[in-house]
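1. predicted structure and sequence below. I'll ask about it afterward.
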Amino acid sequence: MSEKEKTKGGKGLSFSQEGIVFLLTLALFVAFSIILPNFLTSGNVIALMRSVSILGMLALGMSLVVIGRGVDLTMVATLVVGVVWAVKLTNDGMPFGEALFYGGLLVSAFGLIVGLIVAFAEIPPIFTTLAMAPVIFGIGNPFLFKQDTHNAPRNVEWLGDLGFGATLGIPNTILVFGLVALVIHLILRYTRFGRSIYAMGDNPLAARMTGLPLRPIIVSQYIMTALVAYLVGLVILASNSGINSRLAYTTLVYDVLLVVVLGGIGLSGGRGGVRNVIVGTLFVGTLLSGMTILNLSLTAQNLIKSVVMMLALIADTLVNPRDEQTSQQGDI
Amino acid sequence: METVLELKGATKDFRGIYAIRDIDLKLGRGEVHAILGENGAGKSTLMKSLAGVHQLSKGEIIMDGKPVTFESPSAALEQGIAMVFQETNLVGSMTVAQNIYLGEEKFLNRLRGLNIRAQSYLLSMNFDVDPTALVSTLGAAQRQMVEVARATHHTAKVIIFDEPTATLTPEEKHHFFELVRRLKAKGVSILFITHALEEALTHSDRITVLRDGQKVAEGLVSEFTRDDVIQAMVGRGLSDELYGARKGVELPIRTSRNKILSVDNLSMGSIVRNSSFSIYDGQVTGMFGLIGSGRTETMQIVCGALKRNFFHGGEVRLDDKPVRYRVPRPAMKDGIVYVTEDRKLDGFFETMSIRDNIMVGKLAAGSNPASIVSMSQAQDLAEEWTKALDIRAINPSSKVIELSGGNQQKVVIAKSLVQKPRLVIFDEPTRGVDVGSIVEIHNLINKLADEGIAVVLISSYLPEILSLSDRILVARQGQIVEEMSAAEATEEAIMYAAVH
């Protein structure tokens, strides 16, 4: 009941961040539709939804760690190295399926290493992942592949379907996004693992005292996030017919954080869920698409995104004040 | 007596729910005024309204004959009202002296001068704290002293204490009330919230009792007896029920059946040193010790929250099998649970509902991480335990942070009991808990022991230890120095062992 009230946004007492962002998204969408003649064309809406799906899926993966008071800045590096390596193995003659399996193993190993460092060396996740992102990419570039651009293997039919196909008129990319959202929602809501993440994010000390296996949970979180990133990499590969490893140098991971924070998943942990990610995704997606059509330069776009990010962080801090205990965790 | 501060019709509501209602209060110059009431009675809200933390929704504050309003705690401080909060607000990475003079540093500071000023002030209050020590290295009692020193070195007209003695040892309490007397002699008026009735009765001039946000009794302390106060607080007399003599006929001492835990030469740094003792099932083992005696740390090692020394750490045997827990989880799996003394720190999950809190306990006890959580099962569990422990909230989906101290404590206990423990360690189970809930928690402890569960009760309140325990262990300087049966234990004997 109360959840339904919240989705109505600004109505009544439930003046949640999520509701405000949803209303802002609507406002932005309407404004762009009026100002920009090309905005509401079906081609653009589909392109918008596609780019939104990729961002949204990454944000879903990110939310798994953020709810548990962590953060994962290695996602994009993991995605690039995993997928590019799998593509390279295929181009070198390995069957695509087998190559994907090895790529999956590789990203799981990355997630495992990050998780172990966070869980056992107890280094704050933001520093761990900030340091690990270039390490992961550095393992990829000279050792596993050397080229930047890699084309998708041609003879794999389902990859083409994933990128360009549609089921019942809805692009498959968006369906995959929906599926990932559903799965993560179910995990967070209804599994022991998901509930433990919330407990850990709310109060790690109490979670430890209650007897939750914190370290295994942390390690699994980062592995799952890495696997979600890998899946997103495949979607990128499919819908662009190729992948450029320079993606790792972009600010994509900050867009992902922007989505997570804007949607109302507090960085102090224990709050929010899949619905917040979706709302955040819609907002950032609309904003990015509008700015692209306006033909703003990349630097201008980055400026706007950064300002929005800063405002969102300020709002997050006001809504979810970080107490002494939280700030001692040192994460962000 | 000249009135310094007066409250007229003070009312404060949070979104339509009244925390306090129509309270009148007069505070004379140099008066010590105790505010009593169960948790949730509105004591803290009333005091915070006076100190500028909350603003009254109705009513007025009159100071020296002039109506005043305080926008913030610093505004109240400017007018001479200082408040010492229950949770300490000290900066751990700074020294004691720096904390005392925090916020009033000059442009350039000489540490030496600051330390000397702090030293002489602390000495004048008989507080044994080194002004150059980092606050993070201090124990709870010493932090409290620093907090008191910080609030009192201002020339305040009114000082408000929220449960000032909750974390102090008897000796430190003595010093604290000495300080109160000295402040009183200087003409400072004191308001203090307390749970310990004796303190109110011995050390205050006036008593005000609140219940459900309203004033139910007020008067000079000489007009009250202990029973009157309790009667006013809970609306029924339960003094005997509370700390009834253990040796009474109705509660025979439970004799031990099986030894389930034995500890040999347990050591951890300089806090726990060669401690040895045993725990038996079906009885309550009381553990008494002053602060710094290592009683909490000893039991936290047993339950895996702390680690003992790697070499020469001693031995813990559960059912005659040696165990070494590095985290609480395996201890919990073996049936040892620990109910924390600081529930906000590591007890409950504040953004979660009662139901989810209890469910986390249940989840932690299970093993399969992928298993599905049934919402209806969680609901049933929550209903069962809210009923069993009489957790009073509007509904099980209320957030824990919104409950009173007593109900929060019951949630933490329920969260541990769903794990079906064999050994429950209660660390100060009635700290910051209202009188009504104290009785219920005591009854629960007795019931658990009757059911054959081994119960360890850590408490620094002697009547509590004496009225509940079948066997009493006394800790001093990291060791168990004395073991006595409830039949032979007296307050004097226990205290003697704890101090000497």
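-> Sure thing, it's come through. Numbers count the residues shown, from 1 in each chain, chains lettered A, B, ... in the order given.
2. number of residues surrounding residue A:43?
-> When neighbours are defined as other Cβ atoms under 10 Å in any protein chain shown, residue A:43 has 8 of them. Heads up, the C-betas are built off the backbone N, CA and C, glycines and all.
3. tell me which helix or strand it sits in.
-> Using DSSP states H and E, the element containing residue A:43 is helix A:42-67.
4. that helix vs chain B: in contact?
-> No: in terms of Cβ under 8 Å from any Cβ of the partner chain, no part of helix A:42-67 sits within range of chain B; the closest distance is 11.0 Å.
5. tell me the helix or strand right after that helix.
-> Criterion used, DSSP H and E; the element after helix A:42-67 is helix A:75-91.
6. in the very next helix or strand once past that following helix, what's buried?
-> Sequence order places helix A:96-116 as the next helix or strand after helix A:75-91, per DSSP H and E. Residues of helix A:96-116 classed as buried by neighbour count (16 or more other Cβ atoms under 10 Å in any protein chain shown): A:96, A:99-100, A:103-104, A:106-111, A:113-115.
7. okay, angle between the helix holding residue A:43 and helix A:96-116 too, please.
-> Per axes from the mean of the first three to the mean of the last three Cα atoms, to 10 degrees, the angle that helix A:42-67 makes with helix A:96-116 is 40 degrees.
8. ok, now which residue in chain A is the farthest from the centroid?
-> Distance from the C-alpha centroid of chain A peaks at residue A:93, with 31.5 Å (Cα atoms, centre = their mean).
9. and that one, how far from chain B?
-> 37 Å (Cβ to the nearest Cβ, to the nearest Å).
10. so which elements touch the helix holding residue A:43?
-> Secondary-structure packing of helix A:42-67 (3 or more Cβ pairs under 8 Å, 6 or more residues apart in numbering or on different chains; DSSP states H and E): helix A:75-91, strand A:170-171, helix A:172-190, helix A:192-202, helix A:214-240, helix A:252-263, helix A:274-293.
11. need the ones you listed in JSON lines with mean neighbour count, can you?
-> Output for the helices and strands packed on helix A:42-67, formatted as JSON lines (neighbours: other Cβ atoms under 10 Å in any protein chain shown):
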{"stretch": "helix A:75-91", "mean neighbour count": "26"}
{"stretch": "strand A:170-171", "mean neighbour count": "16"}
{"stretch": "helix A:172-190", "mean neighbour count": "18"}
{"stretch": "helix A:192-202", "mean neighbour count": "25"}
{"stretch": "helix A:214-240", "mean neighbour count": "23"}
{"stretch": "helix A:252-263", "mean neighbour count": "26"}
{"stretch": "helix A:274-293", "mean neighbour count": "23"}
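12. of all those, which lies closest to chain B?
-> The minimum distance between chain B and these falls on helix A:192-202, with 4.1 Å, by Cβ to the nearest Cβ.
13. from the chain's centroid, how far away is the closest one?
-> 19 Å (Cα atoms, centre = their mean, to the nearest Å).
14. tilt between that helix and helix A:42-67?
-> 70 degrees.
15. so is the helix or strand following helix A:192-202 next to chain B?
-> Downstream of helix A:192-202, the first helix or strand assigned by DSSP H and E is helix A:204-210. Yes: using Cβ under 8 Å from any Cβ, a contact is recorded between helix A:204-210 and chain B, made by A:205-210.
16. and the residue in the stretch 151-300 of chain B that chain A sits nearest to, how many neighbours does it have?
-> Taking Cβ to the nearest Cβ as the measure, the stretch 151-300 of chain B has residue B:300 as its residue closest to chain A, at 9.3 Å. Close neighbours of residue B:300, defined as other Cβ under 10 Å, add up to 22.
17. test my guess that it contacts residue B:308.
-> No: counting by Cβ atoms under 8 Å, residue B:300 stays clear of residue B:308, with 10.0 Å between them.
18. which pair of the residues of helix A:204-210 next to chain B spans the longest distance?
-> Distances among these were taken as Cβ to Cβ; the most separated pair is A:205 and A:210, at 9.6 Å.
19. who has more neighbours, the two?
-> Between residue A:205 and residue A:210, counted using other Cβ under 10 Å, residue A:210 has the larger neighbour count: 32 against 17.
20. who are the contact partners of the closest residue to the more buried one other than its chain neighbours?
-> With sequence-adjacent residues excluded and distances taken as Cβ to Cβ, 6 or more residues apart in numbering or on different chains, residue A:210 is closest to residue B:364, at 4.8 Å. Listed by Cβ atoms under 8 Å, 6 or more residues apart in numbering or on different chains, the contact partners of residue B:364 are A:196, A:210-212, B:329, B:332, B:419.
21. which parts of stretch B:431-443 are buried?
-> Buried, per 16+ other Cβ under 10 Å, within stretch B:431-443: B:431-442.
22. helix or strand for the residue of the stretch 151-300 of chain B closest to chain A, just tell me which one.
-> helix B:295-302.
23. now for that helix, which elements pack on it?
-> strand B:259-268, strand B:272-280, strand B:284-289, strand B:336-339, strand B:423-427, strand B:454-458.
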